[in-house]
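> Here's a sequence, model it:
(2 chains)
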Amino acid sequence: MDTLQLLISGIANGCIYGLIALGFVLIYKASESVNFAQGDMMILGAFLAIALLNTDQADLPFLLGLAIAGLSLGVFAYLLDALLLRRVFGQPQLTMVILTIALGFVLRFVIGAIWGHDPVGLDSPVVGQRLSIGGLTVPVIDAVIIGTTVFLVAVLWLFFARTRLGLAMQASSQNQMAAYYMGIPVKRVVSLVWAMSGVMAAIAGVLFAAKGAVEPSAGLVFGIKAFAAAVIGGMGSLPGALAGGLLIGIMEPFAGRHLPSHIAQVSPYALMLLVLILRPSGLFAQVRAKKV
Amino acid sequence: MKPRFKTSYDADIDRFQGHWHRVQYLLLIALALAAPWVLGSYYVGELSSVLVWSLAGMGVMLLVGHTGQVSLGHAAFMAIGAFTHLALMLRGWPFLPALLAATLSSGISGALLALPILRLSGIYLAIATLALGVLVEDLAIVAEPITGGVRGLAAPPIELLGMTIDRHGTPIAFYYLCLAVVVLVTLAYANILRSPTGRAFIAVRDSEISARALGVNVTRTKTLAFALSCAITGLAGALYAHLIQAVNFESFLVIISIAMLLQVIVGGLGAIHGAFFGAVVIVALPQGIAISRDLLADVGIRVVAYPGLDMAVFAVIIIVLMVLEPRGLYGVWLRVRTWFQLFPLYRKGMFRRARSYLKTERLK
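Modelled structure (predicted):
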């Protein structure tokens, strides 16, 4: 029973990692760049939601506040790509890595300057409630997180398989030149992918803040862990990212229970290094190195 | 600009282009030697700090700027250098052998780690080294017999040539020590770049496939670059330990690795100058912010001290540079120099980059 409890809490954590990792992979597939500021965007989403929803702040209705936070982060990410990141298009991958790392620093500073550096939690309607199923007590928020993730993944899958925009995104991620010749506005599509990953970051942030507390500096560590998840799954694979997130999420509580604390802390990174060394393109690889 | 006539084939790989170039660098060294007599002891300390970060920057530059392998975990090798050096010194080793052992040990550990890691490339390499950086933070706590655990180690004073050198007691002597190390390493670095090894590094950076086609052993070259880079960084770590007097796991957080990479980017990738420019920015920026805050306070504007402001300003500088001048401060310096050399013939488009599109690094 104890193990099952740990498992469910781990899955809920893993879902959040997985959502962030999905954001990474979406952007990587679309533009072969990695957004190292994804963790900080998640924290920004969380703090926006807290500012809009908490009873001592704006105190808006829950769903309205959620929608505003998600949309504003989507718009932010779109503008970020359209106004700034697009300008370094075509330069080596490192340029984008550095740019997003620097952006992460700026975001972290701005969040800290506006909302302070203390951990804050989100007052969600389900805070502190528990669900009992046959002797198993599960926090409602864990169930909500798992449910939301399943729902989002289904929506994403339908979006990519059934809509014109989704197909356009797939096309431009496979071959930008060819997609451009077919009349797809590749630049706008890439910006829209950024917007999507911004919305995902906001949702992940809200779920994270509702489960525990957030602070501005959490973005860096969280981003690295989610990145590890994406790498374990293979950077080019959406299901892989989710699976990697779940793997890390499930591994953490068990490592924390059974291993000395220092080793438990680094276990996600150790796993990632192992995967990188043994299977450099990830467990669910779709991407292979270019050959001449 | 005076045209330069080459009278021998060796002139192509001369360290200096003509006499004036050599005189400029001699003047620079003379300036560096004279600095302690002009500046107060506080600023001599800051200068030592610039030198140590330049050294660390050169380590990163060799790998990232000249071999094209991104590392986000170089603070790990600084840590290896620092802890080896201090552990040996505390066990009674003299300064120089301990320094040498620290350099060697970080170089060897770099070479050993390079074997599995350098199979990766691009972003995967960056993230693997980032993981290394995170791992070392915790390893530094676990390896208590060597690293002193959470408490860390305190740096003993340096006994060298019958003198006792201490960062606070004799800041000028410490500054000269750093200067000597930096000058030696810079000379060695510049010489490596003139040699076939250095050319191989640059060939691997520009195109691995063409380098291989030209007969460069890519794996060996990358491993050597990693080892050399880690050795220089480890040496910087050992000096850094003396600079900050006591090190523990918190001295080498992953954020320092990131800052080191950002430092060489700000300075300008692919030029030794870049490491120095970057180090000046890293050390001068917090000072500049503190000074400007004081100035603002003098005219009656109170500015709240935000934590992390210097890092944010640094990040904004990076963003602006990346968009406008990806070759960093060295690129800006090149433009300014060319403007003066060609005056009044400088044209606007001389340094314009060619338009390019996404060069994919994958098949599917």
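
> buried set for the strand or helix carrying residue A:4?
Residue A:4 is part of helix A:2-31, with elements assigned from DSSP states H and E. For helix A:2-31, burial by neighbour count (16 or more other Cβ atoms under 10 Å in any protein chain shown) applies to A:6, A:8-31. Bear in mind the C-beta positions are built from the backbone N, C-alpha and C, glycine included.

> same question, stretch B:145-165
B:147-148, B:152-153, B:155, B:157-158, B:165.

> ok, residue 201 - contacts?
This is for chain A. A:19-20, A:23, A:38, A:41-42, A:44-45, A:73, A:77 (Cβ atoms under 8 Å, 6 or more residues apart in numbering or on different chains).

> Please refer instead to chain B.
Going by Cβ under 8 Å, 6+ apart, the list of residues near residue B:201 reads B:62, B:66-67, B:192-193, B:221, B:225.

> now these in JSON lines, with neighbour count, pLDDT and distance to chain A?
As requested, the contacts of residue B:201 are arranged in JSON lines below (neighbours: other Cβ atoms under 10 Å in any protein chain shown; pLDDT from 0 to 100; distance: Cβ to the nearest Cβ, whole Å):
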{"residue": "B:62", "neighbour count": "27", "pLDDT": "92", "distance to chain A": "15"}
{"residue": "B:66", "neighbour count": "23", "pLDDT": "90", "distance to chain A": "13"}
{"residue": "B:67", "neighbour count": "24", "pLDDT": "89", "distance to chain A": "13"}
{"residue": "B:192", "neighbour count": "18", "pLDDT": "92", "distance to chain A": "22"}
{"residue": "B:193", "neighbour count": "18", "pLDDT": "90", "distance to chain A": "20"}
{"residue": "B:221", "neighbour count": "22", "pLDDT": "92", "distance to chain A": "18"}
{"residue": "B:225", "neighbour count": "27", "pLDDT": "93", "distance to chain A": "16"}
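
> looking at it, residue A:193 is touching residue A:24, isn't it?
No. Residue A:193 lies out of contact with residue A:24 (Cβ atoms under 8 Å); the separation is 11.5 Å.

> Just the ones in helices from the buried residues of stretch B:145-165, please.
residue B:147 (DSSP state H).

> farthest pair in the buried residues of stretch B:145-165?
B:147 and B:165 (23.5 Å; Cβ to Cβ).

> Output the contacting helices and strands for the worst-scoring helix or strand of chain A on mean pLDDT.
Ranking every helix and strand in chain A by mean pLDDT, DSSP states H and E puts strand A:130-133 at the bottom, with a mean of 73. In terms of contacts (3 or more Cβ pairs under 8 Å, 6 or more residues apart in numbering or on different chains; DSSP states H and E), strand A:130-133 is packed against strand A:136-139, helix A:140-162.

> Of all the residues in it, which ones are buried?
So for strand A:130-133, nothing qualifies as buried (16+ other Cβ under 10 Å).

> next one: stretch B:235-254
Result for stretch B:235-254 [16+ other Cβ under 10 Å]: buried residues B:235-243, B:247-249, B:251-254.

> Likewise for stretch B:164-182?
Those would be B:165-167, B:170-179, B:181-182, for stretch B:164-182 by 16+ other Cβ under 10 Å.

> roughly how far is it from the heart of the chain?
19 Å (Cα atoms, centre = their mean, to the nearest Å).

> Could I get the average pLDDT for that stretch?
On average, the pLDDT along stretch B:164-182 is 84.

> next one: stretch B:245-264
Stretch B:245-264 carries an average pLDDT of 86.

> now do stretch B:226-239
Computed over stretch B:226-239, the average pLDDT equals 93.

> in the chain, which spans are strands?
Just so you know, I chose chain A. A:120-121, A:130-133, A:136-139, A:213-214 (DSSP state E).

> That was the other one, I meant chain B.
Using DSSP E, the strands of chain B run over B:153-154, B:158-160, B:163-165, B:246-247.

> could I get those as CSV with distance to chain A?
Below are the strands of chain B laid out as CSV (distance: least, Cβ to the nearest Cβ, whole Å):
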stretch, distance to chain A
strand B:153-154, 18
strand B:158-160, 32
strand B:163-165, 35
strand B:246-247, 18
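
> With distance to residue A:207 added, can I get these in a markdown table?
What follows is the strands of chain B, written out as a markdown table (distance: least, Cβ to Cβ, whole Å):
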| stretch | distance to residue A:207 |
| --- | --- |
| strand B:153-154 | 42 |
| strand B:158-160 | 53 |
| strand B:163-165 | 55 |
| strand B:246-247 | 39 |
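
> can you list contacts of stretch B:58-65?
Contacts for stretch B:58-65 (Cβ under 8 Å, 6+ apart): A:94, B:69-71, B:74, B:77, B:185-186, B:189, B:192, B:201, B:225-226, B:228-236, B:260-261, B:263-264, B:267, B:269-272, B:274-275.

> can you rerun that using 6 Å?
B:69-71, B:74, B:189, B:225, B:228-229, B:232-233, B:260, B:264, B:269-270, B:275 (Cβ atoms under 6 Å, 6 or more residues apart in numbering or on different chains).

> Report the central residue of chain A.
Nearest to the geometric centre of chain A sits residue A:20, at 0.9 Å (Cα atoms, centre = their mean).

> Now it. Nearest residue, chain neighbours left out?
Among residues not flanking residue A:20 along the chain, residue A:226 sits closest, at 3.6 Å (Cβ to Cβ, 6 or more residues apart in numbering or on different chains).

> okay, residue 289: pLDDT?
No chain in the question, so chain A it is. On the pLDDT scale, residue A:289 is placed at 50.

> That was the other one, I meant chain B.
pLDDT, read off for residue B:289, is 85.

> Could you do residue B:307 as well?
72.

> Dihedrals phi and psi, it?
phi -70, psi 140 (degrees, to the nearest 10).

> Looking at the buried residues of stretch B:235-254, which are in helices?
Per DSSP H, the buried residues of stretch B:235-254 map to helices at B:235-243, B:254.

> hmm, back to that, columns distance to residue B:213 on top of the buried residues of stretch B:145-165, output as JSON lines?
Formatted as JSON lines, the buried residues of stretch B:145-165 follow (distance: Cβ to Cβ, whole Å):
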{"residue": "B:147", "distance to residue B:213": "45"}
{"residue": "B:148", "distance to residue B:213": "50"}
{"residue": "B:152", "distance to residue B:213": "49"}
{"residue": "B:153", "distance to residue B:213": "48"}
{"residue": "B:155", "distance to residue B:213": "49"}
{"residue": "B:157", "distance to residue B:213": "54"}
{"residue": "B:158", "distance to residue B:213": "49"}
{"residue": "B:165", "distance to residue B:213": "50"}
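
> Tell me the residues on chain A that lie near chain B, please.
Counting by Cβ under 6 Å from any Cβ of the partner chain, the residues of chain A close to chain B are A:34, A:87, A:90, A:93-95, A:98-99, A:102, A:105-106, A:109, A:113, A:176, A:231, A:262, A:265-266, A:269, A:272-273, A:276-277, A:280, A:287-288, A:290, A:292.

> if we can go back for a sec, do you know which of the strands of chain B lies nearest residue A:63?
Nearest to residue A:63, of the strands of chain B and by Cβ to Cβ, is strand B:246-247 at 50.9 Å.
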